[in-house]
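Student: Sequence first, then the predicted structure:
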Amino acid sequence: MNAASQIQKFFPHKRFFMEEQKPHIRKGLSDFFYQQRDGINALSSVGVIGLHMVTGPLLGFAIGYGIDTYFEVHPWGKILFLLIGIAAGFLNVYRDTQILLKKLSKKD
C-alpha cells in the first residue's frame with residue numbers, strides 16, 4: 001500500500017495528489033498555471049519598461065542638478081543630462097520591447 005492510498009483511506013473526500021486525478025483535469029490545471037505564469041512574466045516586463053521610462057530622465061536630471069550646483073552653470077547641466085536621460089530611457093525601452101517580442105515570437 002503506497003502513501004497516497006493510506007492518506008486516501010483517512011480522508012476519502014479529499015484529493016491530495018495530482019496523479020490520482022483524471023488526465024484531462026491535470027492537463028487543464030497545468031495549462032492554467034502556464035498561462036498564469038506567462039501573464040505574470042508579461043506584467044513584470046511591462047513594469048520594467050515603465051520603470052525605465054521614469055528612471056532614465058530622473059537620474060539624468062539628478063546628475064545635471066549636481067553638475068549645475070558644483071560648477072554653477074545653471075540650467076545647462078540639467079537640460080543636457082535630462083535629454084541624455086530621456087534618450088537612455090527610450091533606448092532601454094526599445095531594447096526591452098525587442099527582447100519581449102523575441103520571446104513572444106519564440107512561443108508561437
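Tutor: Looks like it came in fine.
Student: Select the longest helix from the protein.
Tutor: Longest helix of the chain, by residue count under DSSP state H: helix 23-71.
Student: Tell me which other helices or strands it touches.
Tutor: Other helices and strands packing on helix 23-71, by 3 or more CB pairs under 8 Å, 6 or more residues apart in numbering; DSSP states H and E, are helix 76-107. In short, each C-beta sits where N, CA and C put it, glycine included.
Student: buried set for the helix it packs on?
Tutor: For helix 76-107, a neighbour-count test (16 or more other CB atoms under 10 Å) marks 77-78, 80-82, 84-85, 88-89, 92-93, 96, 100 as buried.
Student: Keeping just the C-alphas, turn stretch 69-79 into PDB.
Tutor: Coordinates of the C-alpha atoms in stretch 69-79 are reproduced here as PDB (Å, rounded to 0.1, in the frame of the first residue of the first chain):
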ATOM      1  CA  THR A  69      25.400  73.200  -8.300                       C
ATOM      2  CA  TYR A  70      29.000  72.100  -8.400                       C
ATOM      3  CA  PHE A  71      30.100  74.200 -11.500                       C
ATOM      4  CA  GLU A  72      27.400  76.900 -11.100                       C
ATOM      5  CA  VAL A  73      26.300  76.700 -14.700                       C
ATOM      6  CA  HIS A  74      22.600  76.700 -14.100                       C
ATOM      7  CA  PRO A  75      20.200  75.400 -16.300                       C
ATOM      8  CA  TRP A  76      22.600  73.900 -18.800                       C
ATOM      9  CA  GLY A  77      23.600  70.800 -16.900                       C
ATOM     10  CA  LYS A  78      20.000  69.900 -16.100                       C
ATOM     11  CA  ILE A  79      18.900  70.400 -19.600                       C
END
